[in-house]
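Enquirer: Got a sequence here, can you model it:
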Amino acid sequence: MSFLRTKMGTDTTRLSWWERLVRIDTANPSYWGKHHLIDSWLIEFDEDGQPWREIGLDKSGSIVVAGPSSIDYGFWLDTEMRRSDFTGDPIPEEHFEQVWATSGVVAP
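Expert: Numbers count the residues shown, from 1 in each chain. Got it, this is the predicted structure:
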């Protein structure tokens, strides 16, 4: 397992009501309308380098989204990307686990 903090995927802006209507993300219902709040991601990668768990943080470091969960598949988990496709800084497993524990998410 490896862990990373990245700013990738944080350049989204708030969507208009029309864009929100036509871009419904059925895989991540509790992420709806929150992507523009995310300033960085903490991502755990499995042994094959695939994203396994993710936490989206705002500028103050508060959790905006986390997944996968019983209702959300996950933003990065729904890509074909591997660890080598990401840029960012490695983080300790302990830090990821501490933040994950405060997310309240119970993985499926």
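Enquirer: Now for E54, how many residues are close by?
Expert: Counted with other Cβ atoms under 10 Å, residues neighbouring E54 total 22. Heads up, the C-betas are built off the backbone N, CA and C, glycines and all.
Enquirer: What is the burial count for F86?
Expert: Burial measure for F86: 18 neighbouring residues, criterion other Cβ under 10 Å.
Enquirer: Pretty sure it sits against I43.
Expert: Yes. Counting by Cβ atoms under 8 Å, F86 does reach I43; the two are 7.1 Å apart.
Enquirer: what about the nearest residue to P68 once chain neighbours are set aside, which SS state?
Expert: With Cβ to Cβ, 6 or more residues apart in numbering as the criterion, P68 has its nearest non-adjacent residue at 4.5 Å, and that residue is G74. What DSSP: H, G, I helix; E, B strand; the rest coil gives for G74 is coil.
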